[in-house]
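Participant: Take this sequence and fold it.
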Amino acid sequence: MKTNKLTYQRSGVNIKQADKFVNFIKSITKKTNKSVDFKNIGGFGAITEVPNNLKKPQIVTSTDGVGTKIEIANELNKFDTIGIDLVAMCVNDLIVQGAKPHLFLDYISIDKIKLNKLKKIVKGIVKGCELANCSLVGGETAEMPGTYSNGKFDLAGFAVGFVEKKKILINKIKKNDIILAIPSNGLHSNGYSLVRHIIKKQKIKIKNNMFLKKELIKPTKIYVNEILKLNDKNLLNGCANITGGGLKDNLKRIVPKNLCAEIDLNKIKIFEIFKWLKKSKISEKEMLNTFNCGVGFCIIISPNNLKKVYKYFSANYKPYVIGKITNNSRRVKLSGKINWK
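Facilitator: Numbering: from 1, shown residues only. I've put the predicted structure just below:
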């Protein structure tokens with residue numbers, strides 16, 4: 001017998017599917033368990049302990065998303081790495097302050113719950129948390145028919161870290177320090193609206209372009225382990241996560257007044273994806289303002305510590321000198337030109 005009764009499911013929200021997804025999350029998040037009672041998953045709030053090895057613990061928080069890189073994931077139907085990007089965008093900001101990531105929460109909003117798709121996204125988030133050595137303690141999945149068109153979704157992340165008060169990376173940068181670039185893993189999660197505009201303008205089908213198919217979905221590098229080891233050994237005077245705004249805007253945020261980060265652009269090692277973008281009639285200024293251009297993270301150290309720093313990095317992410325700290329009120333000065341060939 002047919003019924004005309006209105007239900008939440010008829011409006012487009014499937015609570016039973018949501019419950020199945022929560023149960024999946026409960027099982028998979030055990031991989032990131034440190035100090036979490038996993039009865040918290042699916043509850044109203046997550047409870048975790050403050051690390052007891054810190055005398056004066058300071059809380060550092062960060063929230064971020066992955067922007068329109070989501071559209072690339074949708075086009076390629078590849079969802080197992082976008083969660084790594086989400087974690088990376090948050091925890092790479094925490095470590096700039098010297099904080100060790102402790103917990104992570106995610107927010108997924110989607111037109112309709114599709115378990116296979118969401119499971120892949122969450123597996124990526126769990127992988128990111130494992131790489132960052134932090135716990136996924138909970139989050140929210142919102143089924144929002146009418147807000148998102150078919151297949152569309154968005155992600156947001158929230159991370160909490162702790163740092164000993166004396167280990168906070170602030171006001172330690174001084175004249176004659178050197179600036180090192182740590183290579184990125186490609187585009188990371190910035191500039192994708194411009195990338196997609198170029199792809200649309202050139203009528204490129206990325207599914208059929210092996211180079212772009214590989215490059216555009218590469219997950220953001222998580223720098224947690226290397227940076228925390230350096231800070232633990234007192235080898236860092238400052239660092240910057242190179243995201244939107246590029247080198248200039250992000251270094252500007254950490255250089256003290258009356259000092260200047262002088263960057264020699266000739267020294268930057270460019271990857272093929274950035275060379276490809278530059279050929280699309282993008283000016284060098286726009287490239288530097290929009291993309292990391294191969295520099296995913298910067299660290300500022302004493303010249304005497306250079307050899308000590310090198311040993312904490314693998315070959316693919318070996319840092320190299322791109323500048324120094326001088327007396328100047330400009331905060332950041334870019335000189336030279338990148339070799340785009």
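Participant: CA only for contacts and neighbour counts going forward, please
Facilitator: Noted.
Participant: which one is the residue nearest in space to the middle of the chain nearest to, not counting chain neighbours?
Facilitator: By CA atoms, centre = their mean, the chain has its centre lying nearest to Met89, at 2.0 Å. Spatial nearest neighbour of Met89, excluding adjacent residues (CA to CA, 6 or more residues apart in numbering): Asp64 at 6.1 Å.
Participant: Distance check, the residue nearest to the centre of the chain against Gly65.
Facilitator: 7 Å (CA to CA, to the nearest Å).
Participant: ok so, going back, looks like the residue nearest to the centre of the chain contacts Gly83 (just checking).
Facilitator: No - if you go by CA atoms under 8 Å, Met89 and Gly83 don't touch, sitting 10.0 Å apart.
Participant: ok, longest helix in this protein?
Facilitator: Identified as the longest helix of the chain according to DSSP state H is helix 115-132.
Participant: still on that earlier bit, give me the three-state assignment for the residue nearest to Met89.
Facilitator: Following DSSP: H, G, I helix; E, B strand; the rest coil, the label given to Asp64 is strand.
Participant: Beta-bridge partners for it, please?
Facilitator: Counting by DSSP bridges, Asp64 is bridged to Gly157.
Participant: So which bits of stretch 232-239 are buried?
Facilitator: Buried residues in stretch 232-239, counted by 16 or more other CA atoms under 10 Å: Leu235, Leu236, Asn237, Gly238, Cys239.
Participant: Could you check how far that stretch is from the centre of its chain?
Facilitator: Relative to its chain's centre, stretch 232-239 lies at 20 Å (CA atoms, centre = their mean, to the nearest Å).
Participant: Send me that stretch as CSV with only the CA atoms.
Facilitator: Provided in CSV are the C-alpha atoms of stretch 232-239 (Å, rounded to 0.1, in the frame of the first residue of the first chain):
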residue,chain,number,x,y,z
ASP,A,232,63.0,19.6,19.8
LYS,A,233,66.8,20.1,19.1
ASN,A,234,66.5,23.9,19.2
LEU,A,235,67.6,24.2,15.6
LEU,A,236,64.8,26.5,14.4
ASN,A,237,64.4,30.2,14.8
GLY,A,238,61.3,30.4,12.7
CYS,A,239,59.3,28.7,9.9
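Participant: For it, give me every contacting residue.
Facilitator: Residues from elsewhere that reach stretch 232-239 (CA atoms under 8 Å, 6 or more residues apart in numbering): 96, 167, 169-174, 230, 254, 297-302, 305, 309.
Participant: so for that stretch, what's the average pLDDT?
Facilitator: Average pLDDT, stretch 232-239: 96.
Participant: now stretch 83-93
Facilitator: 98.
Participant: Mind listing what's buried along the helix or strand containing Val195?
Facilitator: Assessed by DSSP states H and E, Val195 sits inside helix 192-201. By neighbour count on 16+ other CA under 10 Å, the buried set for helix 192-201 is Tyr192, Val195, Arg196, Ile198.
Participant: now the helices: where do they sit in the stretch 151-300 of the chain?
Facilitator: Along the stretch 151-300 of the chain, the segments classed as helices by DSSP state H, counting those that start in this stretch run 192-201, 210-215, 224-232, 246-252, 272-278, 284-290.
Participant: Give me the contact list for the longest one.
Facilitator: When contacts are taken as CA under 8 Å, 6+ apart, the neighbours of helix 192-201 outside the stretch itself are Gly67, Thr68, Lys69, Lys205, Ile206, Leu277, Ser280.
Participant: Check the fifth one too.
Facilitator: Helix 272-278 is contacted by residues Gly186, Leu187, Val195, Leu212, Glu215, Glu284, Met287, Cys293, Gly294, Trp340, Lys341 when judged by CA under 8 Å, 6+ apart.
Participant: how about 6 Å then?
Facilitator: Outside helix 272-278, the residues within contact range by CA atoms under 6 Å, 6 or more residues apart in numbering are Trp340.
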